[in-house]
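Enquirer: Model the following, please.
(chains A, B, C and D)
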Protein chains: 2
Amino acid sequence: MTEMRMAELSRRSGLAVPTIKYYLREGLLQPGRRTGVNQAVYDVPHLERLRLIRALAKVAGLPLHTIREVVRAVGDGSTVLDTLAITQDALVGAVEPEPSDPGAEALLARVIEARGWRAHPASPAYAAALRAVAELRAEDLTMLVDHLEDYARAADEVGRIDVEAVGGADDLDEMIRGVVLGSVLRRPLLDALVLLAQQHHAGALGRDPGEGADGHPRGRR
Amino acid sequence: MTEMRMAELSRRSGLAVPTIKYYLREGLLQPGRRTGVNQAVYDVPHLERLRLIRALAKVAGLPLHTIREVVRAVGDGSTVLDTLAITQDALVGAVEPEPSDPGAEALLARVIEARGWRAHPASPAYAAALRAVAELRAEDLTMLVDHLEDYARAADEVGRIDVEAVGGADDLDEMIRGVVLGSVLRRPLLDALVLLAQQHHAGALGRDPGEGADGHPRGRR
DNA sequence: CAAGATCGAGACTACTACTATCCATAAATG
DNA sequence: CATTTATGGATAGTAGTAGTCTCGATCTTG
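Expert: Here you go, the predicted structure:
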C-alpha cells in the first residue's frame, strides 16, 4: 500500500501543501482518488509527477502553463512523434516572426539541404532556428554565422544521440517519457557542457595574467 | 551627425518611449549626452545597445538584471576571460546545489577527465552540468546518461567553434562582444538546430500514420 | 510666444508563481 | 465520544518582473 494523504505527499515531495493544492487547481497534478466529500488519497505516480514538474520548472525553466501542456502529452495516449511535436512546440514557445531576413533564410535552407535534414519550414523549430540566425546576422556576428554548418553538424550528432537513446526504450510509455524529458532535461546538460568546453578552449586565448591558469570564472553574486 | 533625441531613438529602435526611459532608470541603457537640465541626445551606440538588450531578452530569454550584468561587462574594460566568466555566471544564474549525488559527480568527473577539459569544480558551469546530470539520474533517464561522453564530444566541438570563431576577431573589443553575444545568442541557435535534427532522426521511429512523412510538428496554439 | 517634446519621478498595471486564510467536514487521538 | 488536527475547496493576498501611464517643470521649434 503506497497510498498517502496530502501531508505525506507534501513531506515526500518537499513541496508546501499550498503549492501542491495550487498545482492541483492549475491542472498540473492529477487529482487524488476521492474517498469522501473532502478527502482524497495520492499515490506514487503523484509523487513522480511532482518531481517531474519541479524538474521542468527548475532545471529547464519552463513556465507552468507550458509544463501543463507537456505533462498532459506524457499522460494521454499520444504517439511518439506527436509527443515530440508538442514538446518542441512548448520548448520554443510562440516565436514571433521578426521582420524576415531573406539572407538568413537562404543560409539556413542551405545548411538544412547540406545535412539532408527533412525539416518543414512551418515547424516551430525551423522558425526558432531562422530567428536565431537572423539575430546573429543583425548583430553582425558573421564569424559565428560562418560556422553554421559546423554547428549543424554538432546539432545533428546531438539529435541523433537523443533519438537513438530514447528509441531503445522498452515500451511506448517509456519512449514518450524519454522524448519529453530527453528534450527538456538534456538541453541544460548540453548548455553546461558547452560552457565547460568554452572554458577549456578559451584557455588558449589566455592573455590574462589576472586569471588563474585553469580559466574558470571566479565566484560572483 | 548621427545624434538623435528620444522620439527618434524610440522610432528607430521600435521601443516605446516609456520602455526606453525604464531601461535608462534600470541602468541597462547608458544615459544620453546632456544638453540641458531636462534634455539629452542619443547616438548610434544607444541604438545598438537597445538592439542588444532586446536580443538578450527576447532571443536568449535573459531577465533584465542579468542583461544589466552582461552589458556592463561588454562596456567596461574587462579582459576576454573575465567577460566570458561574467557571461557564463549570468547565463547559468545562481544554481542551488540540490542534494548532492555522488554518482553524478563521478560520472561528470570521468567525462571531463576523458575529454581532457580543464574545468574547475567551483565554476558555475560545472555546478550546472552536475545538476543536469543529477536530474537525469533522478528521473531514471539512464539511456541519456549513458551517452554523456557523446554529448560531451558534441559540446566540445561547439565550444571549440565558438572560441575559434571569436578568437579570430580583429580587436579586443570585437572579441569581447563576440564572447558575450556568441555565448548568449548561439545557444538558441544550437537548441533550434538540435530540434531540427531530432525531427530528422525521429523520422526513423515513425510508426505514426497520422503524421506527415516529413515528421514535422503540426501548428498548435 | 504658443504648441509640442523631453526629463524625471512616482503611481499604476499585467502576469507568474506561489502563500495565507477561511470554513465545513473528516480523521485521529486521549 | 469529545476534542484536536488534517483535508479539500474557495478566495484573497504577496513578491518579483517588466513594463506603462500620468504629471509637472522645463526646453525646443515653427
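Enquirer: Tell me the helix or strand right after the lowest-mean-pLDDT helix or strand in chain A.
Expert: The weakest-scoring helix or strand in chain A, judged by mean pLDDT, DSSP states H and E, is helix A:80-92 (a mean of 83). Heading C-terminal from helix A:80-92, the first helix or strand you meet, by DSSP states H and E, is helix A:102-115.
Enquirer: Only alpha carbons, please: show the next helix or strand after that next one as CSV.
Expert: Per DSSP H and E, the first helix or strand lying C-terminal to helix A:102-115 is helix A:124-138. Backbone C-alpha positions of helix A:124-138 (Å, rounded to 0.1, in the frame of the first residue of the first chain) are rendered in CSV as follows:
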residue,chain,number,x,y,z
PRO,A,124,8.3,26.0,-34.7
ALA,A,125,11.9,24.6,-34.6
TYR,A,126,12.5,25.9,-38.0
ALA,A,127,11.1,29.3,-37.1
ALA,A,128,13.3,29.4,-34.0
ALA,A,129,16.4,28.5,-36.0
LEU,A,130,15.6,31.1,-38.5
ARG,A,131,15.1,33.7,-35.9
ALA,A,132,18.4,32.8,-34.2
VAL,A,133,20.3,33.1,-37.5
ALA,A,134,18.7,36.4,-38.3
GLU,A,135,19.6,37.7,-34.9
LEU,A,136,23.2,36.7,-35.3
ARG,A,137,23.3,38.4,-38.6
ALA,A,138,21.6,41.5,-37.2
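Enquirer: Helix A:80-92 and helix A:124-138, what's the angle between them?
Expert: Following axes from the mean of the first three to the mean of the last three CA atoms, to 10 degrees, one obtains 30 degrees for the angle between helix A:124-138 and helix A:80-92.
Enquirer: Which elements pack onto helix A:124-138?
Expert: helix A:80-92, helix A:102-115, helix A:142-145, helix B:172-202 (3 or more CB pairs under 8 Å, 6 or more residues apart in numbering or on different chains; DSSP states H and E). C-betas here are computed from N, CA, C, even on glycine.
Enquirer: starting at the chain centroid, how far to the first one?
Expert: The gap between the average C-alpha position of helix A:80-92 and the chain average comes to 10 Å, counting by CA atoms, centre = their mean, to the nearest Å.
Enquirer: what does stretch A:32-46 give?
Expert: On CA atoms, centre = their mean, the centre of stretch A:32-46 falls 31 Å from that of its chain.
Enquirer: again, but for stretch A:173-184
Expert: 11 Å.
Enquirer: wait, does that stretch make contact with chain B?
Expert: Yes. Residues of stretch A:173-184 contacting chain B under CB under 8 Å from any CB of the partner chain: A:175, A:178, A:181-183.
Enquirer: Which of the helices and strands packed on helix A:124-138 sits closest to DNA strand D?
Expert: helix B:172-202 (14.2 Å; CB to the nearest atom of the strand).
Enquirer: In contact with the spatially most central residue of chain A, which residues?
Expert: Closest residue to the average C-alpha location of chain A: A:Val184 at 2.4 Å, with CA atoms, centre = their mean. The contact partners of A:Val184, by CB atoms under 8 Å, 6 or more residues apart in numbering or on different chains, come to A:55-56, A:59-60, A:62, A:70, A:87, A:91.
Enquirer: Tell me the buried residues within those.
Expert: Those of the contacts of A:Val184 that meet the buried threshold are A:55-56, A:59-60, A:62, A:70, A:87, A:91, by 16 or more other CB atoms under 10 Å in any protein chain shown.
Enquirer: which among those gets closest to B:Gly14?
Expert: Ranked by distance to B:Gly14 (CB to CB), the buried ones among the contacts of A:Val184 are led by A:Leu91 at 26.3 Å.
Enquirer: I'd like the distance between that closest one and DNA strand C.
Expert: 14 Å (CB to the nearest atom of the strand, to the nearest Å).
Enquirer: One more: A:Gly61?
Expert: With CB to the nearest atom of the strand as the criterion, A:Gly61 and DNA strand C are 8 Å apart.
Enquirer: for DNA strand C, what are the nearby residues on chain A?
Expert: A:16, A:18-19, A:21-22, A:35-39, A:57, A:63-65 (CB under 7 Å from any atom of the strand).
Enquirer: before we move on, the earlier item: mind giving me JSON lines with the helices and strands packed on helix A:124-138 and columns for distance to DNA strand D?
Expert: Shown next, in JSON lines, are the helices and strands packed on helix A:124-138 (distance: least, CB to the nearest atom of the strand, whole Å):
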{"stretch": "helix A:80-92", "distance to DNA strand D": "19"}
{"stretch": "helix A:102-115", "distance to DNA strand D": "24"}
{"stretch": "helix A:142-145", "distance to DNA strand D": "25"}
{"stretch": "helix B:172-202", "distance to DNA strand D": "14"}
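Enquirer: Out of those, which gets nearest to B:Ala7?
Expert: Smallest distance to B:Ala7 across those (CB to CB): 28.1 Å, for helix B:172-202.
Enquirer: tell me how far that closest one is from the chain's mean position?
Expert: In terms of CA atoms, centre = their mean, the centre of helix B:172-202 is set 8 Å apart from its chain centre.
Enquirer: how many degrees apart are that helix and helix A:124-138 in direction?
Expert: Using the same axes, to 10 degrees: helix B:172-202 against helix A:124-138 is 160 degrees.
Enquirer: ok, back up a step: if you average pLDDT over each of the helices and strands packed on helix A:124-138, which is lowest?
Expert: For the helices and strands packed on helix A:124-138, mean pLDDT drops lowest on helix A:80-92, to a mean of 83.
Enquirer: now check that one, is it near chain B?
Expert: Yes. For helix A:80-92, a contact with chain B is found by CB under 8 Å from any CB, at A:80-82, A:84-86, A:88-89, A:91-92.
Enquirer: Go through the residues you listed and name the one nearest A:Pro31.
Expert: For the residues of helix A:80-92 next to chain B, the nearest to A:Pro31 is A:Ile86 (22.1 Å; CB to CB).
Enquirer: Give me the neighbour count for the closest one.
Expert: Residues contacting A:Ile86 under the criterion other CB atoms under 10 Å in any protein chain shown number 22.
Enquirer: Can you tell me the closest non-neighbouring residue to it?
Expert: Closest residue to A:Ile86 apart from its sequence neighbours, by CB to CB, 6 or more residues apart in numbering or on different chains: A:Ala73 at 4.2 Å.
Enquirer: which strands and helices sit next to the helix or strand in which that neighbour is found?
Expert: According to DSSP H and E, A:Ala73 maps onto helix A:64-75. The elements that helix A:64-75 packs onto, with contact taken as 3+ CB pairs under 8 Å, 6+ apart, are helix A:44-54, helix A:80-92, helix A:172-202.
Enquirer: for the shortest one, the distance to its chain's centre please.
Expert: Helix A:44-54 has its average C-alpha position 17 Å from the chain's average C-alpha position, going by CA atoms, centre = their mean.
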